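In: turn this into a model:
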Amino acid sequence: MSKGQRVGYIRVSAYDQNPERQLEGTQLDKIYTDKASGKDTKRPRLEALMGFVREGDTVIVHSMDRLARNLDDLRSIVQRLTQKGVQVQFVKENLAFTGEDSPMATLMLSVMGAFAEFERALLKERQREGIAIAKQKGIYKGRKKTLNPEQAQILRQRTRQGEKKSALAKEFGISRETLYQYLRAEYT
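Out: I've put the predicted structure just below:
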């Protein structure tokens, strides 16, 4: 294989996270960055990376949980890349996959991916527990309402007058689900 490009993939789950620190100090020819949650299936920069890389290239990712949403997704992405002759390296786990991997390397991918998925599940559980405790103490009030009471009343009134809900949601800058929550709140 010829020496190809070193391509970095970074995914941050919120716009306030610092993407640079994921592959800081790693020599790369090109970087693709997605700003999306791990469960989000829309990762346009990952798809662009998949279309860009060629045989002999190396994709470098900070950790397995930055590349994939779950274990099946991880195996699928790594397999798609290695079948093209692209090597995949995970910095945190200190693992590399080439497509010519032994059964032991395949096992390691599955085990490490399962650990990353488990770690994410534990984090979400701790977050839910923390929110529940904060709610009990009266500290956590939830997300700030998008519309003030006056706007919510106007929304309800215009809905009763027969205006299209999708058009109202767009005008008020909310999703249709949020619009329905405001409508349900009128009766509680």
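In: for Lys144, see how far away Gln181 is.
Out: Using C-beta to C-beta, to the nearest Å, one obtains 14 Å as the distance from Gln181 to Lys144. All C-beta spots, glycine's among them, are computed from the backbone N, C-alpha and C.
In: the two - which one has more neighbours?
Out: Neighbour comparison, Gln181 and Lys144: the larger count goes to Gln181, with 14 against 5 (by other C-beta atoms under 10 Å).
In: host element of the more buried one?
Out: helix 176-185 (DSSP states H and E).
In: can you list contacts of that helix?
Out: Thr146, Leu147, Ala152, Leu155, Arg156, Thr159, Lys165, Ser166, Leu168, Ala169, Phe172, Ile174 (C-beta atoms under 8 Å, 6 or more residues apart in numbering).
In: repeat the analysis, applying 6 Å as the threshold.
Out: Residues outside helix 176-185 that contact it (C-beta atoms under 6 Å, 6 or more residues apart in numbering) are Ala152, Leu155, Lys165, Ala169.
In: report the buried residues of it.
Out: Thr178, Leu179, Tyr182 (16 or more other C-beta atoms under 10 Å).
In: got it, and stretch 152-165?
Out: Neighbour-count burial for stretch 152-165, counted by 16+ other C-beta under 10 Å, picks out Ala152, Leu155, Arg156, Arg158, Thr159.
In: turn the residues you listed into JSON lines, columns for distance to Phe115.
Out: Listed next are these as JSON lines, based on distance: C-beta to C-beta, whole Å:
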{"residue": "Ala152", "distance to Phe115": "45"}
{"residue": "Leu155", "distance to Phe115": "46"}
{"residue": "Arg156", "distance to Phe115": "48"}
{"residue": "Arg158", "distance to Phe115": "51"}
{"residue": "Thr159", "distance to Phe115": "48"}
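In: quick one: the helices in this protein, in order.
Out: Taking DSSP state H, the helices of the chain run over residues 44-52, 64-67, 71-83, 103-136, 149-160, 165-172, 176-185.
In: state the mean pLDDT of the last one.
Out: Looking back up the chat, that one is helix 176-185. For helix 176-185, mean pLDDT is 87.
In: please apply the same query to the fifth one.
Out: The average pLDDT for helix 149-160 rounds to 91.
In: what's it in contact with?
Out: Leu168, Tyr182, Glu186.
In: report the two of the contacts of helix 176-185 separated the most.
Out: Ala152 and Lys165 (14.0 Å; C-beta to C-beta).
In: show me the domain layout of this structure.
Out: Per the record, the chain has its domains at 6-118, 149-185, by automatic domain parsing.
In: just the terminal-to-terminal distance for the last one.
Out: Going back to what we said before, that points to domain 149-185. One end of domain 149-185 to the other measures 11 Å (C-alpha to C-alpha, to the nearest Å).
In: can you list the buried residues in the least confident helix or strand in the chain by mean pLDDT?
Out: The helix or strand of the chain with the lowest confidence, counting by mean pLDDT, DSSP states H and E, is helix 103-136 at a mean of 82. Neighbour counts using 16+ other C-beta under 10 Å place Leu109, Met112, Gly113, Ala116, Glu117 of helix 103-136 among the buried residues.
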